[in-house]
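> okay, predicted coordinates and the sequence, questions at the end:
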Amino acid sequence: MKLNNFVGGAWLEGAGAGDALVDPVTGEEVARASSQGIDVGAALGFARTQGGPALRQRAYGERAEMLAKMGEVLTANREEYFRISQINSGATQADAAFDVDGAIYTVKYYAKIGKALAEGKMLKEGATLPLSKTNVFAAQHFLVPAKGAALFINAFNFPAWGFCEKAGPALLSGVPIVVKPATATSWLTQRMIEDIVEADIFPAGSISILCGSARDLPEHVREEDIISFTGSAQTAIGIRSNANVLRRAVRVNIEADSINSTILGPDAAPGTDVFDGLVKEVVREMALKAGQKCTAIRRVFAPRAQFAALGEAIAARLGGVKVGNPRNPEVKMGPVVNKSQQASCFEGIGKLKQECKVVFDGGGNFKPIDADPQKSAFVPPTLLACENGRGAKFVHDVEVFGPAATIVAYDSTEDLIAQLRRGMGSLVGSIFSNDAAFVRQVVLGIGDLHGRIMVVDSSVGGQQTGHGNVVPSCLHGGPGRAGGGEELAGLRALLLYHRRFVLQGPPSCLEGLAGLCVDASLVHS
Ligand code: NAP
């Protein structure tokens, strides 16, 4: 089966043999993807000239209704998406739910909150500013939807959510989308878009998809376009530094890799609820999607006094995680996405082992349930321990994009903060502690280098939303190494797809335009 591209309002087959998509359990090919021969410049042009104007003819509220219909279509086809997730991503039921249900929830969320923008066509920001003594000349700031296309270049680990978390805010803004999913798992994204197109919800040109290589896509973007990229820091650098992107100052949002941390407070001894809560969270983060989450815990900081005990507790729990073929209902953790990711995980673990002890790796006898180790792409859950975090290099730098985490000892709050900052900017850090002064000091010490910080004390218990779970009402993104991007955070996500300008003129002129506007405080709140 070859995945067709949807560009210029038509389904087109790419040229040549294309790249193979595989089942990571059996190693068998399940589909092929090719973007060769597709005129990617024309695809972006069609989105700009057909999709954009048609979308922006409608008000925000009407586009919110379209998103609601999109949510219904995706819900109706949910079972098929779970099936594809299992075949092409090796996803367990929980893994598929995390991606697919997360995607549907996010689309429905934007459909719901987008209604508040009602009849507006653009946003008015702040009050009118007097610029003359007699008030015949004044100024007003506006936010207007970009007249370009939004190009989404996505990572392989969230073929459903990665597409929808970007699509919701862009389409609500009135900006058409051109989606380039990671080739390895593009089948699911392509199938979702096929269902949406079939349902005839959005005007022609609103949604396009390119399967297979990105080819020279960044060469074709223009100043009115937006690139929203999720993937590795290395690919991000190439996109960000593309000469055309730089020359036209194209807006680029980057969500890249991240060395995320969880922290056990100095007050949390074995047997306390916060200690147990952190142990559960680490194991959940390692097993869910086999650790292939940009937000997954990579470093587990423990006060030196609890370093050994924490390792034992996590290892004991990891011993109960059944790893294997997700078709077996007992299995709790599946494979990574393909052999190349498996090799990359083993390479990263090899580096970490140079400065860490192995606490748990399933032992030499690791054998996935109902799968051939030769053909499949499993990585055993691997827990490492680093006694000398200050002297370590790889622990703070190597992102093993799989089920691996390292416990790192700290000696004081200052030492902890210094080590956390060596992640050079992360998506998320979580703190498990009842020591309010310690929590405050850590938050102040790392807030500038983390997009999200989650604090769990005894009062929160099991009601926390999850270290690795991104909720659409809250900011997703992180500074520095994490890419510097910002996504979600409710209606604030719309800012990426709007451009700010200030209009200076007679009040009657400002008021004429203001009549088309919704107050942007709705978006900023
Ligand atoms: P990747 O190799 O960087 O690929 C990401 C996307 O970029 C894919 O669609 C890929 O297409 C495309 N691409 C590759 N070369 C390109 C080029 N020269 N120009 C334009 N596009 C190009 O990353 P990945 O392996 O799919 O994803 C894993 C990484 O993503 C991890 O490091 C993870 O931390 C990060 N991630 C971050 C977030 C976040 O929100 N911060 C979320 C998920 C994942 P092909 O597949 O066709 O090569």
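Alright, I've got the coordinates.
> now the lengthiest helix in the chain: buried residues?
When the chain is parsed with DSSP state H, its longest helix is helix 60-76. Buried positions in helix 60-76, judged by neighbour count with 16 or more other CB atoms under 10 Å: 60-61, 63-64, 66-74. Yep, even glycine has a C-beta here, placed from its N, CA and C like the rest.
> kindly report the same for stretch 455-466.
Quick answer for stretch 455-466 (16+ other CB under 10 Å): 455-457, 464, 466.
> turn those residues into CSV, including secondary structure, pLDDT and distance to the ligand.
Formatted as CSV, the buried residues of stretch 455-466 follow (DSSP: H, G, I helix; E, B strand; the rest coil; pLDDT from 0 to 100; distance: CB to the nearest ligand atom, whole Å):
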residue, secondary structure, pLDDT, distance to the ligand
V455, strand, 98, 21
V456, strand, 98, 22
D457, coil, 98, 27
Q464, coil, 96, 20
G466, coil, 97, 15
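> list just the nearest of the buried residues of helix 60-76 to T26.
L74 (27.4 Å; CB to CB).
> before we move on, the earlier item: how about residues contacting the longest helix of the chain?
With contact meaning CB atoms under 8 Å, 6 or more residues apart in numbering, helix 60-76 is reached by 55, 58, 81, 100, 103-104, 107-108, 110-115, 117-121, 164, 167-168, 171-172, 174, 192, 195-196, 199, 201-202, 518.
> relative to helix 60-76, how tilted is the helix or strand following it?
Proceeding N to C from helix 60-76, the next assigned helix or strand is helix 78-89, under DSSP states H and E. Orientation of helix 78-89 against helix 60-76 (axes from the mean of the first three to the mean of the last three CA atoms, to 10 degrees) gives an angle of 70 degrees.
> which strands and helices sit next to helix 78-89?
Contact partners of helix 78-89 among helices and strands, from 3 or more CB pairs under 8 Å, 6 or more residues apart in numbering; DSSP states H and E: strand 29-33, helix 93-96, helix 186-198.
> figure out which of the ones you listed is closest to I369.
With CB to CB, the closest approach to I369 among these belongs to helix 93-96: 15.0 Å.
> is the closest one up against the ligand anywhere?
No. Using CB under 6 Å from any ligand atom, helix 93-96 stays clear of the ligand, with a minimum separation of 13.8 Å.
> how many residues are close by the residue of the stretch 101-250 of the chain found nearest the ligand?
The minimum distance from the stretch 101-250 of the chain to the ligand, using CB to the nearest ligand atom, falls at G231 (2.6 Å). By the criterion of other CB atoms under 10 Å, G231 has 21 neighbours.
> what do you get for E330?
The number of residues near E330, taken as other CB under 10 Å, comes to 9.
> pLDDT weak spots in the protein?
Scanning the chain for pLDDT under 70 picks out nothing.
> quick one, phi psi at T230?
phi -130, psi 130 (degrees, to the nearest 10).
> so it is in contact with N154, correct?
Yes. With contacts counted by CB atoms under 8 Å, T230 reaches N154, the gap being 5.2 Å.
> need the residues touching each of those two.
G162.
> out of these two, which sits in the busier spot?
More neighbours surround T230 than the other of T230 and N154, with 29 against 24 (other CB under 10 Å).
> excluding its backbone neighbours, what's nearest the more buried one?
Closest residue in space to T230, ignoring its immediate chain neighbours: E255 at 4.2 Å, by CB to CB, 6 or more residues apart in numbering.
> residues touching the one you found, list them.
Contacts of E255 (CB under 8 Å, 6+ apart): 228-231, 294, 427, 476-477, 482-483, 485, 487.
> now these in a markdown table, with secondary structure?
Formatted as a markdown table, the contacts of E255 follow (DSSP: H, G, I helix; E, B strand; the rest coil):
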| residue | secondary structure |
| --- | --- |
| S228 | strand |
| F229 | strand |
| T230 | strand |
| G231 | coil |
| C294 | coil |
| L427 | strand |
| H476 | strand |
| G477 | coil |
| A482 | helix |
| G483 | coil |
| G485 | coil |
| E487 | strand |
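> what residues does the stretch 301-450 of the chain have near the ligand?
399, 401, 427.
> highest neighbour count among the residues you listed?
Most surrounded of those: other CB under 10 Å gives L427, at 29 neighbours.
> that residue: what's it in contact with?
Applying CB under 8 Å, 6+ apart to L427 gives the contacts 255, 258, 260, 294-295, 450-452, 476-478, 482.
> also N328?
322, 369-370 are the contacts of N328 under CB under 8 Å, 6+ apart.
> for it, give its distance to the ligand.
27 Å (CB to the nearest ligand atom, to the nearest Å).
> and if you look at V395?
V395 is 16 Å from the ligand, by CB to the nearest ligand atom.
> and that residue, how many neighbours?
Using other CB under 10 Å: V395 sits among 26 other residues.
> for L123, what are its contacts?
Neighbour list for L123: 142-144, 494, 498, 517-520, 523 [criterion: CB under 8 Å, 6+ apart].
> what's the answer for V40, then?
7, 210, 215-217, 220.
> can we see that at 10 Å?
5, 7, 151, 178, 180, 208, 210, 213-220 (CB atoms under 10 Å, 6 or more residues apart in numbering).
> among these, name the buried ones.
Buried among the contacts of V40 (16+ other CB under 10 Å): 5, 7, 151, 178, 180, 208, 210, 213-214, 217-218, 220.
> which of the buried residues of stretch 455-466 sit farthest apart?
So, the buried residues of stretch 455-466 by CB to CB: farthest apart are D457 and G466, at 15.9 Å.
> what's the spacing between A404 and T235?
With distances taken as CB to CB, to the nearest Å, A404 is found 22 Å from T235.
> in terms of neighbours, single out the busier of the two.
A404 (26 against 18).
> how about that one: what's its closest non-neighbour residue?
Nearest to A404 is T382, by CB to CB, 6+ apart, at 4.3 Å.
> the one you found is in contact with V323, isn't it?
No. Under the contact definition of CB atoms under 10 Å, T382 does not touch V323, with a separation of 11.3 Å.
> give me the common contacts of those two.
With CB under 10 Å, 6+ apart as the test, T382 and V323 both reach 362, 366, 403.
> for the helix or strand harbouring A54, output the C-alpha coordinates as CSV.
Taking DSSP H and E as the criterion, A54 maps to helix 52-57. Extracted in CSV, the C-alpha atoms of helix 52-57 (Å, rounded to 0.1, in the frame of the first residue of the first chain):
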residue,chain,number,x,y,z
GLY,A,52,-6.7,30.6,3.5
PRO,A,53,-9.2,33.1,2.0
ALA,A,54,-12.1,30.6,2.3
LEU,A,55,-11.3,29.9,5.9
ARG,A,56,-11.0,33.6,6.8
GLN,A,57,-14.3,34.4,5.2
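> that helix: which residues count as buried?
Counting neighbours by 16+ other CB under 10 Å, helix 52-57 gives 52, 54-56 as buried.
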